[in-house]
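Participant: 3D, please:
(2 chains)
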Protein chains: 2
Amino acid sequence: MNYPEVIRNLIECFKKLPGIGEKSAERLALATLKLDDEIINLFSQSLKDTKTKIKRCNICNNLSEQDKCDICLDENRNKKIICVVQEPKNVIMIEKSNNYNGMYHVIDNLISPLDGINPSDINIGALKQRIEKDKVEEVIIALKQSIEGETTTLYIAKILENTGVKITKIAQGIPYGTDMEYIDYLTLEKAIEDRKEIS
Amino acid sequence: MNYPEVIRNLIECFKKLPGIGEKSAERLALATLKLDDEIINLFSQSLKDTKTKIKRCNICNNLSEQDKCDICLDENRNKKIICVVQEPKNVIMIEKSNNYNGMYHVIDNLISPLDGINPSDINIGALKQRIEKDKVEEVIIALKQSIEGETTTLYIAKILENTGVKITKIAQGIPYGTDMEYIDYLTLEKAIEDRKEIS
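Facilitator: Down below sits the predicted model:
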C-alpha cells in the first residue's frame, strides 16, 4: 500500500526541487492537502505561468515578464554603471540593499572548466556591446567569492581591458554583525589588506 | 524592484507550506524555472488534483481516491485487528514496515486541551462501531510518544473498556541502530522496564 497516485505524483514533483528529499517531499505534499482552495489555485497557476510568462530581459538577461525588464525600462536609472551578477536573484538582493541605482548584467554561469563551463558560456559579448552603445563608465563585478567567481571576474576584466571602462569589484571583508572568530582566514587576510582609513 | 509578479506569487505559495521561510521559498520558486515543462504540468495538475480527487475513506478515514480506501477494500487483510494512528502518513509508514496485515483507523488529532483539541475532536465513535460490526479482536494504538499521545491512548483505552476488545499499544524502546548515548532517559527507563527475555 502506498499513497494515492495523485499524492505520489506530487511527492515526485517536490523531489525535483533542490534540497528536497523523500521525507521533505512527503511532508510538503501532505501539507498541501491542508491549504485553502484559493492558494492551491494560485500555486497551480503560478507554476504554469513561471514557465510561460517569465522570459529573460533582452538587454540585461534578468528575469522579466516583458522583452525588457523593469530596471532596463526605468528612465531614472543610471545607464553609465553596470553591475555584473551571476543570477537574477543577485539582482533582487542588491536592489533590496537599496543603495544602487545603476543597471545590471546577468551572466548565468561562472567559469568552471571542471564542470564544463567555459568562457564562451558566459554572457559577455552582450555586455561589451552595451558598454559601447551606452558609453558606460563603470562596470562593477559582483560575483561569488570563490575560485570560479575570481576566475570569471579576472576573465571579464581582461575582456573589457581595451574598452576604457573603469572596472571594479565589490569589497571583500567581514559581514556586518559577524564575530571575527567565525570568519575564515582568507577573508580576514583580505579584510586587513583592504583596510580603510577612518575619516 | 522585485521579482516579476508570477514569481512573487509562487514564492508566497511556497511560504504557506510548513518549514518554508522567505529564503527557501525564493530558492524553490527560482528552481521551478529550471524544471522541464512536463514536470511543471504534472506539478500544477497534481496540486489541483489533491484538492479535488483526494477524499477520506469513509471506514478508516485514511486518504483515498474512492469512498473506501484500498486497504479497507482489500479482502486479504485481517479485519479483526485495527491499528489506531494519528495521520494518514503513519499508515504508509506502518505499511512500509511490511509486517502488519490488519486494518487502520486514522483519528487525525491527539487530545490537547491547551490547543483546543478535546476528546470530541478525535474520531472514536466510528472506531467503536467498527469494533462491534466487524467483531474486532484487537485494537493496537500506535500514537506518538508524547503527553498528548499518551493522553489520547489512555482515553481510547477507557472508551473501549467495555467492548471486550484486547487493547495494546506499540512498544516503546530504543530504535534500531541508535547509540544508547543519544536516547533520552525516559525512553531508556521504559526500555529497561519493558525488557524481553531472550528465548
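
Participant: how far is stretch A:18-31 from where the chain is centred?
Facilitator: For stretch A:18-31, the separation from the chain centroid amounts to 25 Å (computed by Cα atoms, centre = their mean, to the nearest Å).

Participant: For the nearest residue to A:Gly173 once chain neighbours are set aside, give its distance to chain B.
Facilitator: Leaving aside its chain neighbours, A:Gly173 sits nearest to A:Ala191 (4.3 Å; criterion: Cβ to Cβ, 6 or more residues apart in numbering or on different chains). Backbone N, C-alpha and C define where each C-beta goes, glycine included. According to Cβ to the nearest Cβ, to the nearest Å, A:Ala191 stands 25 Å off from chain B.

Participant: which residues does A:Ala191 contact?
Facilitator: By Cβ atoms under 8 Å, 6 or more residues apart in numbering or on different chains, the contact set of A:Ala191 is A:Gln172, A:Gly173, A:Ile174, A:Ile183.

Participant: Could you find the closest non-adjacent residue to the last one?
Facilitator: The spatially closest residue to A:Ile183, leaving aside those adjacent along the chain, is A:Ile174, at 5.6 Å (Cβ to Cβ, 6+ apart).

Participant: Okay, the one you found and chain B: tell me how far apart.
Facilitator: 21 Å.

Participant: before we move on, what about A:Ser146?
Facilitator: 18 Å.

Participant: before we move on, what about A:Lys16?
Facilitator: From A:Lys16 to chain B the distance is 6 Å (Cβ to the nearest Cβ).

Participant: Could I get the contacting residues of that residue?
Facilitator: B:Leu35, B:Ile39, B:Phe43.

Participant: how much space is there between it and A:Leu47?
Facilitator: Distance, A:Lys16 to A:Leu47, by Cβ to Cβ, to the nearest Å: 12 Å.

Participant: Report the distance from the helix-or-strand element of chain A with minimal mean pLDDT to the chain centre.
Facilitator: The least trusted helix or strand in chain A, going by mean pLDDT, DSSP states H and E, turns out to be helix A:185-193, with a mean of 82. Helix A:185-193 has its C-alpha centroid displaced from the chain centroid by 25 Å (Cα atoms, centre = their mean).

Participant: Over to stretch A:182-199?
Facilitator: Taking mean C-alpha positions (Cα atoms, centre = their mean), stretch A:182-199 and its chain are 25 Å apart.

Participant: partner strands of the longest strand seen in chain A, parallel or antiparallel?
Facilitator: With secondary structure taken from DSSP state E, chain A has its longest strand at strand A:78-85. As defined by DSSP bridges, the strand partners of strand A:78-85 come to strand A:102-106 (parallel), strand A:138-141 (parallel).

Participant: Dump those strands to CSV, plus distance to B:Thr52 and mean pLDDT.
Facilitator: CSV is the format used below for the strands paired with strand A:78-85 (distance: least, Cβ to Cβ, whole Å; pLDDT from 0 to 100):
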stretch, distance to B:Thr52, mean pLDDT
strand A:102-106, 39, 95
strand A:138-141, 50, 93
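
Participant: most tightly surrounded among those strands?
Facilitator: Highest mean neighbour count of those: strand A:102-106, a mean of 23 (counted as mean count of other Cβ atoms under 10 Å in any protein chain shown).

Participant: which other residues reach it?
Facilitator: With Cβ under 8 Å, 6+ apart, strand A:102-106 has contacts from A:56, A:60-62, A:71-72, A:77-88, A:90-91, A:94, A:123, A:126-127, A:130, A:138, A:140.

Participant: Which ones, among the contacts of A:Lys16, also lie beside chain A?
Facilitator: B:Leu35, B:Ile39, B:Phe43 (Cβ under 8 Å from any Cβ of the partner chain).

Participant: and the angle from the lengthiest helix in chain A to helix B:37-53?
Facilitator: Longest helix in chain A by number of residues (criterion: DSSP state H): helix A:37-53. Angle between the axes of helix A:37-53 and helix B:37-53 is 160 degrees (criterion: axes from the mean of the first three to the mean of the last three Cα atoms, to 10 degrees).

Participant: thinking again about what came up before, for the longest strand of chain A, list the C-alpha coordinates in CSV.
Facilitator: What follows is strand A:78-85, C-alpha atoms only, in CSV (Å, rounded to 0.1, in the frame of the first residue of the first chain):
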residue,chain,number,x,y,z
ASN,A,78,22.0,55.5,-14.2
LYS,A,79,22.9,53.8,-17.5
LYS,A,80,26.5,54.6,-17.1
ILE,A,81,27.1,52.0,-14.5
ILE,A,82,26.5,48.2,-15.0
CYS,A,83,26.8,45.7,-12.2
VAL,A,84,27.6,42.2,-13.4
VAL,A,85,26.0,39.4,-11.3
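
Participant: Tell me the buried residues in the next helix or strand after it?
Facilitator: Remark: after strand A:78-85, the chain's next helix or strand is helix A:88-97, criterion DSSP states H and E. Residues of helix A:88-97 classed as buried: A:Pro88, A:Lys89, A:Asn90, A:Val91, A:Ile92, A:Ile94 (neighbour count, 16 or more other Cβ atoms under 10 Å in any protein chain shown).

Participant: same deal with stretch A:72-80?
Facilitator: So, applying 16+ other Cβ under 10 Å, buried residues of stretch A:72-80: A:Cys72, A:Arg77, A:Lys79.

Participant: what does the average pLDDT come to for it?
Facilitator: If you average the pLDDT over stretch A:72-80, you get 95.

Participant: Relative to the whole chain's centre, how far out is stretch A:165-176?
Facilitator: Per Cα atoms, centre = their mean, the centroid offset for stretch A:165-176 relative to its chain is 16 Å.

Participant: Let me see the mean pLDDT of it.
Facilitator: 87.

Participant: Can you pull out the residues in contact with that stretch?
Facilitator: Contacts with stretch A:165-176, where a contact means Cβ under 8 Å, 6+ apart, come from A:131, A:136-143, A:145, A:153, A:156-157, A:160, A:180, A:183, A:187-188, A:190-191, A:194.

Participant: Please repeat the previous calculation with a cut-off of 6 Å.
Facilitator: By Cβ atoms under 6 Å, 6 or more residues apart in numbering or on different chains, the residues outside stretch A:165-176 that reach it are A:131, A:136, A:138-142, A:153, A:157, A:160, A:183, A:190-191.

Participant: farthest pair in those?
Facilitator: Greatest spatial distance in those: A:Ile131 and A:Ile183, 34.8 Å, computed using Cβ to Cβ.
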